[in-house]
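In: generate a structure from the sequence data that follows.
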Amino acid sequence: MFQRVGPAAYKDNLDNTILLDNYFGNPHRKFKSIHVAGTNGKGSVAHMLAAIFQAAGFKTGLYTSPHLKDFRERIRVNGEMISEEDVSGWVEIYGTNNELWKIEPSFFELTVAMAFDYFAKQAVDVAVVETGLGGRLDSTNIISPELSIITNIGLDHTALLGDSLEKIAAEKAGIIKAGIPVVVGTTQAETNKVFDEVAALKLAPLFYADQEYKVTYALTDFEGNQMLAVEKEKKKVFPQVKLDLKGMYQQKNLPAVLKSVELLRQMGWEISDESLLKGLANAKKMTGLMGRWQVLGYNPLLVCDTAHNAEGMAEVVNQIQQTPFENLHIVLGLVKDKDPGNLLRLLPPNAVYYFTKAEIPRALDEKELAKMALNFGLLGTSYPAVERAYDAACNKAGKNDMVFVGGSTFVVAEIL
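Out: Modelled structure (predicted):
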């Protein structure tokens, strides 16, 4: 599993995906789809769009990765996870037939095949499909979607996708299909030329969402939900959009969602403003999204977030700095196949750190992490297990303090 062992598990071709799809009768052709790629925000955008489709009355599939608590989070229909019986039954069918097929798919390839087969059998009206890694060679990239979305580009998985924003953009741009509209969420000088060239080559209409939609002000209600005003080309189009996703960075994801809905309406999808606003206000509730600025408790304030690269962590640190607290406690664990310095240099020195490691082979040793953190002025104690680090932070924190848990998806998964 890539999630557990890292780059060694990555497959850089679609051969097994195509074979599996053929063996199961090409299920990806039996439902309409939306394809979502990007370095950060693709999971949030996918969940928001799925919630909007659900609110509009469409039977909606949602494929995302990785999972946090339960494998079945990856495959949902109308927010409901695939059943344990459907998972085990599908694996049994695959296992029996693979004696004849004799292919050796990765965990991710198998999961995509399972998802597409399940969506076809459930006769979904539409499936929102998030890429796993990259785009061009991602197992999900056999679909011909109604719409392709690329949220943004950051330096993540550089060993596999390339060591520059341009190279990574080229991999993500692999989801752009001939004649199919593509929405790019964030305008970036280094990557625009890549998207412009690929879209022109494929005659795919290209839209930069943040050039059209802008959040002009933001407030939070007493439950911590965001209340946003949105303009399009300097005209107020949504005076009050409620988001139940509490991360301030969702304001950067929202334009991609709004532009996507605008284009889907032009294609004939019946999505009213009422459905749009209902889906956004209930995205977390309707789709089960976890781990995005998720508040776990109060007195002290307990928050976790799965941000695990420099761009994502910068957004999280910005929100931490805008949150009132007396003392800050950070439970931190990283993986060892990325450059820890990229994240450590962003973290606030005015915090007490609880260095730890998740129970996966990729986890960076907590003592090694503590040593590296010293170079950035981050001081704390190391703990061999996430639960021990979390308990220590909660025990030490006063009722007006904040405890933040993050650095790795897997640290957050263990807390949840």
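
In: from the middle of its chain, how far away would the helix or strand harbouring Lys285 be?
Out: Take DSSP states H and E as the rule and Lys285 turns out to sit in helix 283-287. For helix 283-287, the separation from the chain centroid amounts to 14 Å (computed by CA atoms, centre = their mean, to the nearest Å).

In: can you show me the helices along the stretch 101-250 of the chain?
Out: Secondary structure of the stretch 101-250 of the chain (DSSP state H, counting those that start in this stretch): helices at 107-121, 158-161, 165-172, 189-201, 250-266.

In: now the ones you listed as a markdown table including mean neighbour count and distance to Pro340?
Out: Quick note: C-beta positions are derived from backbone N, CA and C, even for glycine. A markdown table is the format used below for the helices of the stretch 101-250 of the chain (neighbours: other CB atoms under 10 Å; distance: least, CB to CB, whole Å):
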| stretch | mean neighbour count | distance to Pro340 |
| --- | --- | --- |
| helix 107-121 | 23 | 25 |
| helix 158-161 | 17 | 14 |
| helix 165-172 | 21 | 20 |
| helix 189-201 | 15 | 24 |
| helix 250-266 | 23 | 25 |
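
In: for those, which has the smallest mean pLDDT value?
Out: Per-stretch mean pLDDT for these is lowest at helix 158-161 (a mean of 67).

In: for the most far-flung residue of the chain relative to its centre, which three-state class applies?
Out: Centroid-distance maximum for the chain: Leu100 at 35.8 Å, with CA atoms, centre = their mean. Under the three-state scheme (DSSP: H, G, I helix; E, B strand; the rest coil), Leu100 adopts helix.

In: which stretches of this protein have low pLDDT?
Out: 1-12, 155-160 (pLDDT under 70).

In: tell me the centre residue of it?
Out: Taking CA atoms, centre = their mean, the centroid of the chain lies closest to Gly43, which sits 2.7 Å from it.

In: the helices in the stretch 251-400 of the chain, which residues?
Out: 273-281, 283-287, 310-321, 340-344, 366-374, 386-396.

In: got the ones you listed as JSON lines, with distance to Met48 and mean neighbour count columns?
Out: Formatted as JSON lines, those follow (distance: least, CB to CB, whole Å; neighbours: other CB atoms under 10 Å):
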{"stretch": "helix 273-281", "distance to Met48": "6", "mean neighbour count": "18"}
{"stretch": "helix 283-287", "distance to Met48": "5", "mean neighbour count": "22"}
{"stretch": "helix 310-321", "distance to Met48": "16", "mean neighbour count": "18"}
{"stretch": "helix 340-344", "distance to Met48": "26", "mean neighbour count": "19"}
{"stretch": "helix 366-374", "distance to Met48": "33", "mean neighbour count": "18"}
{"stretch": "helix 386-396", "distance to Met48": "29", "mean neighbour count": "18"}
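
In: so can I have a markdown table of those helices showing distance to Tyr118?
Out: Converted to a markdown table, these look like this (distance: least, CB to CB, whole Å):
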| stretch | distance to Tyr118 |
| --- | --- |
| helix 273-281 | 22 |
| helix 283-287 | 16 |
| helix 310-321 | 29 |
| helix 340-344 | 35 |
| helix 366-374 | 38 |
| helix 386-396 | 31 |
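
In: looking at the ones you listed, which is nearest to Met114?
Out: For Met114, the closest of the helices of the stretch 251-400 of the chain is helix 283-287, at 18.8 Å, according to CB to CB.

In: what about Asn375, how many neighbours?
Out: Using other CB atoms under 10 Å, Asn375 is surrounded by 11 other residues.

In: no no, Leu416
Out: Around Leu416 there are 14 other residues, counting by other CB under 10 Å.

In: what's the answer for Glu326, then?
Out: 11.

In: that one and Asp401 touch, don't they?
Out: Yes: using CB atoms under 8 Å, Glu326 is in contact with Asp401, at 5.4 Å.

In: how's this protein carved up into domains?
Out: Split into domains by automatic domain parsing, the chain comes to 2-210+248-287, 294-415.

In: out of the ones you listed, which is closest to Leu219?
Out: That would be, of the domains of the chain and by CB to CB, domain 2-210+248-287, which comes in at 11.5 Å.

In: mind checking how far Thr60 is from Tyr94?
Out: As judged by CB to CB, to the nearest Å, Thr60 and Tyr94 stand 25 Å apart.

In: correction: the previous question concerned Pro384.
Out: 37 Å.

In: so which of those two has more stuff around it?
Out: For Pro384 versus Tyr94, neighbours defined as other CB under 10 Å are more numerous around Tyr94 (19 against 12).

In: so who does the more buried one touch?
Out: By CB atoms under 8 Å, 6 or more residues apart in numbering, the residues touching Tyr94 are 110, 113-114.

In: wait, what's in contact with the residue nearest to the centre of the chain?
Out: By CB under 8 Å, 6+ apart, Gly43 lies in contact with 64, 130, 289, 292.

In: just those: which are in strands?
Out: Counting by DSSP state E, the contacts of Gly43 place Glu130 in strands.

In: out of the contacts of Gly43, who's nearest Leu379?
Out: Arg292 (28.0 Å).

In: sounds good, over and out.
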